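S.K.: Structure for this input, please:
(chains A and B)
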Amino acid sequence: MKIEHKIILSDVFNVALIALIGFFAFQNLNLVLTKLRFVEIADDLNASFLEMRLSEKNYFLYKDEAALSDIKEKIDKTMGSIDVVKKDIIRAVGENDLAQLKSHLERYAAVIEEAGKNKTKDIELELKLRAEGKRLKEFSESITHLERTRVNDIISSSKEVLFYSFWAIFLSAIIVSHFISQKILGSLRKIERLTKSISEGNFHAVERVESRDEIGSVINAIHSMSEELSNREEQIIQSKKLSSLGILTAGVAHELTNPLNNISMIAQTYGDLYDKLSREERIEFMNKVEGETERIKEIVKNLLDFSKPKEVNLNEADINSTVQKALRLMQNTLDISNIGLKLALREGIPHVFIDENQIHQVLVNLITNAVHAMPAGGKLFIATRPGKDKDSVEVTVMDTGKGIPPEFLPHIFDPFFSTKGEGGTGLGLSVSYGIIKNHKGDIRVESKPGVGTTFTIDLPAYTG
Amino acid sequence: MQSYRIMVIDDEKIVGDMAKMSLEQEGYVVETFLNAEPALARLKEQKFDVVVTDYKMKGIDGMEVLRTVKGLYPETKVIMITAFANLDTAIEALRGDVHDFFPKPVKIKELKASIRRALGRQ
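M.R.: Now for the predicted structure:
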């Protein structure tokens, strides 16, 4: 389900809850109004009944015939008004109570009628009249009282219902919005991780997802983008290789031009001045040509062996001092690049058997790479310690840089292989690899994108 | 008749040697230098009619030689030779009032002809 739909659904749920409570409150209010209307009517009735009873008393005390007709008139009037508000009464107390009320009134009317006909003072009749009057009034008062109690009940229950439903809506809104925002934030974090890993060059971290929500679409879009980037990156690496090959070729071409020019000029002069040259001079000319071809041969050899170092001049050396020498050269770069240096150079480790200049070059290469991997600064750790197999010494160069994507790791020692953003020729590590291999040593790399890279070099210990 | 004086500056010794041998055949007085500093010092005490200089050298380069020569002797012609046979170099050199420009490998016959033109001898 789309997040949009989830939000709409939760909104609809809350609105429905509010509408339900509103409807309930409205119903209750209506009921209260009906009841109050009835109570009002009942108060009127009660007042009428009270008047009837007063008249009744007058009749018995003063034998006032007019009182009887007065009561009769009042009964008719009350009957009439009951009929008028019949609906309200039924709605409030039901037909049953209405019928009872009417029958009480009718019976009272009947007794009044009887009293009117008799004209005589009859104790029995008097008691009957009083009893009916009392019953009528009591009944009327009891339902009035009952209705008042009900109104109070309804109001207090409504109050409770409204109070609890307020909290229910409040909690439901908080829970639903929390749930949805958690889901959105979770997805955003996932996307953040993905884009971060892409920015580190790990284009294969993104898998298509089945999810049909907006996040799913975004992840799929990122997937397409990373595929595209991955293709582009291959092109970039390819063109970098070509361009570094171009730089190398241009350099070689320039190097070759001078000896070629020399040979050409010797040949031209030789031809022009042949007759004027002595035998010795001619031989000297040819020796010069030979010398120039040696120069060319050397250039070509260097080109072919660019990844293989020249002859190794092995000597006993203290690796810690070689590291210090390389650092002296790089200290300024480290300071400028805001990189903190931490050294753990073990004292008293065996001396190594190396070409110090070449190992110096390897260390400078590795430190330069570390600097390039930490454009925003970071930490550089360099450590030396005895190797695992006693006959060697181990040097580690560790950075807290952006790391090397796993798929590039197998290629980093290849000539012309360079990862993006370093502006390297792709020769540094391949030359370093050649140097270490020529020392019968070993160079390894471990890297975790976003965490850092560690190069480990094993060098043979000096055995005397 | 007083001979024309020609100076050749190139850090490749063979270039100077070969140029000297070929140009002396033409009757010029030739002095060669492997770098610009002693050459410019020599120029201050002796006027040369043509200076042939390499464009790219360690220390003082061909363009600076051109400026110094023109400062000392505006009528002295400067011929530039270079291993970098690219257009930018040629344009920069010609803009700087250079008489001629030769990419390596240099054809000695062409160099001789250029010097002749520089001296106004056809």
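
S.K.: quick one, helices of chain B?
M.R.: Taking DSSP state H, the helices of chain B run over residues B:13-24, B:36-45, B:62-72, B:87-95, B:108-119.

S.K.: Mean pLDDT, mean neighbour count and distance to chain A for those helices - can I get that in JSON lines?
M.R.: Where you see a C-beta, it was placed from the backbone N, CA and C, and this is true even at glycine. Formatted as JSON lines, these follow (pLDDT from 0 to 100; neighbours: other CB atoms under 10 Å in any protein chain shown; distance: least, CB to the nearest CB, whole Å):
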{"stretch": "helix B:13-24", "mean pLDDT": "95", "mean neighbour count": "21", "distance to chain A": "4"}
{"stretch": "helix B:36-45", "mean pLDDT": "94", "mean neighbour count": "15", "distance to chain A": "17"}
{"stretch": "helix B:62-72", "mean pLDDT": "91", "mean neighbour count": "18", "distance to chain A": "15"}
{"stretch": "helix B:87-95", "mean pLDDT": "68", "mean neighbour count": "14", "distance to chain A": "12"}
{"stretch": "helix B:108-119", "mean pLDDT": "94", "mean neighbour count": "16", "distance to chain A": "4"}
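
S.K.: could you redo those helices as JSON lines and give each row distance to A:Ala267?
M.R.: JSON lines is the format used below for the helices of chain B (distance: least, CB to CB, whole Å):
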{"stretch": "helix B:13-24", "distance to A:Ala267": "9"}
{"stretch": "helix B:36-45", "distance to A:Ala267": "26"}
{"stretch": "helix B:62-72", "distance to A:Ala267": "25"}
{"stretch": "helix B:87-95", "distance to A:Ala267": "25"}
{"stretch": "helix B:108-119", "distance to A:Ala267": "10"}
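
S.K.: Could you tell me how many residues sit around A:Phe23?
M.R.: 10 (other CB atoms under 10 Å in any protein chain shown).

S.K.: same question, A:Asp272
M.R.: If we define neighbours as other CB under 10 Å, then A:Asp272 has 17 of them.

S.K.: just checking, it touches B:Lys107?
M.R.: No. With contacts counted by CB atoms under 8 Å, A:Asp272 stays clear of B:Lys107, the gap being 11.3 Å.

S.K.: And the pLDDT at the residue nearest in space to the middle of chain B?
M.R.: Nearest to the geometric centre of chain B sits B:Val52, at 0.8 Å (CA atoms, centre = their mean). With respect to pLDDT, B:Val52 scores 96.

S.K.: list the contacts for the closest residue to chain B within the stretch 1-150 of chain A?
M.R.: Here the stretch 1-150 of chain A gets closest to chain B at one residue, A:Ile3, 58.9 Å apart by CB to the nearest CB. Contacts were defined as CB atoms under 8 Å, 6 or more residues apart in numbering or on different chains; by that measure A:Ile3 touches A:180, A:183-184, A:213-215.

S.K.: quick one on the thing from earlier: what's the closest of the helices of chain B to A:Ala110?
M.R.: Closest to A:Ala110 of the helices of chain B is helix B:87-95 (CB to CB; 133.2 Å).

S.K.: List the contacts of residue 98.
M.R.: All of this is about chain A. A:82, A:86, A:89-90.

S.K.: Chain B is the one I meant
M.R.: For B:Val98, the contact set (CB under 8 Å, 6+ apart) comprises B:66, B:78-80.

S.K.: just checking, which of the contacts of A:Ile3 belong to helices?
M.R.: Short answer: these in helices (DSSP H) are A:180, A:183-184, A:214-215.

S.K.: If you rank these by neighbours, which is first?
M.R.: Each of those was scored for neighbours by other CB under 10 Å, and A:Ile215 scores highest at 19 neighbours.

S.K.: Who are the contact partners of it?
M.R.: A:3, A:184, A:187-188, A:190-191 are the contacts of A:Ile215 under CB under 8 Å, 6+ apart.

S.K.: so can I have a markdown table of the residues you listed showing secondary structure and distance to A:Pro449?
M.R.: Conversion of the contacts of A:Ile215 to a markdown table gives the following (DSSP: H, G, I helix; E, B strand; the rest coil; distance: CB to CB, whole Å):
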| residue | secondary structure | distance to A:Pro449 |
| --- | --- | --- |
| A:Ile3 | helix | 30 |
| A:Ile184 | helix | 26 |
| A:Ser187 | helix | 22 |
| A:Leu188 | helix | 21 |
| A:Lys190 | helix | 17 |
| A:Ile191 | helix | 17 |
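
S.K.: among the residues you listed, which one has the lowest pLDDT?
M.R.: A:Ile3 (76).

S.K.: Burial check on the residue nearest to A:Ser10 when sequence neighbours are not counted, number of neighbours?
M.R.: Spatial nearest neighbour of A:Ser10, chain neighbours left out: A:Val176 (4.0 Å); criterion: CB to CB, 6 or more residues apart in numbering or on different chains. Here the count is done by other CB under 10 Å, and A:Val176 has 17 residues near it.

S.K.: Roughly how far does A:Val176 sit from A:Glu284?
M.R.: A:Val176 sits 99 Å away from A:Glu284, going by CB to CB, to the nearest Å.

S.K.: Please tell me I have it right and A:Ser165 contacts A:Gly22.
M.R.: No. A:Ser165 lies out of contact with A:Gly22 (CB under 8 Å); the separation is 9.6 Å.

S.K.: higher neighbour count, the two?
M.R.: A:Ser165 (17 against 12).

S.K.: Could you pull up the contacting residues of the more buried one?
M.R.: Contacts of A:Ser165 (CB under 8 Å, 6+ apart): A:17, A:21.

S.K.: ok but it is inside a helix, no?
M.R.: Yes. Assessed with DSSP: H, G, I helix; E, B strand; the rest coil, A:Ser165 lies in a helix.

S.K.: Could you check how far it is from B:Ile9?
M.R.: Computed as CB to CB, the A:Ser165 to B:Ile9 distance reads 101 Å.

S.K.: Also A:Asn96?
M.R.: Distance of A:Asn96 to B:Ile9, given as CB to CB: 133 Å.

S.K.: Could you do B:Val65 as well?
M.R.: With distances taken as CB to CB, B:Val65 is found 6 Å from B:Ile9.

S.K.: do B:Ala39 as well
M.R.: 5 Å.

S.K.: Now do the shared contacts for the two.
M.R.: Joint contacts of B:Ala39 and B:Ile9 (CB under 8 Å, 6+ apart) are B:33, B:51, B:53, B:65.
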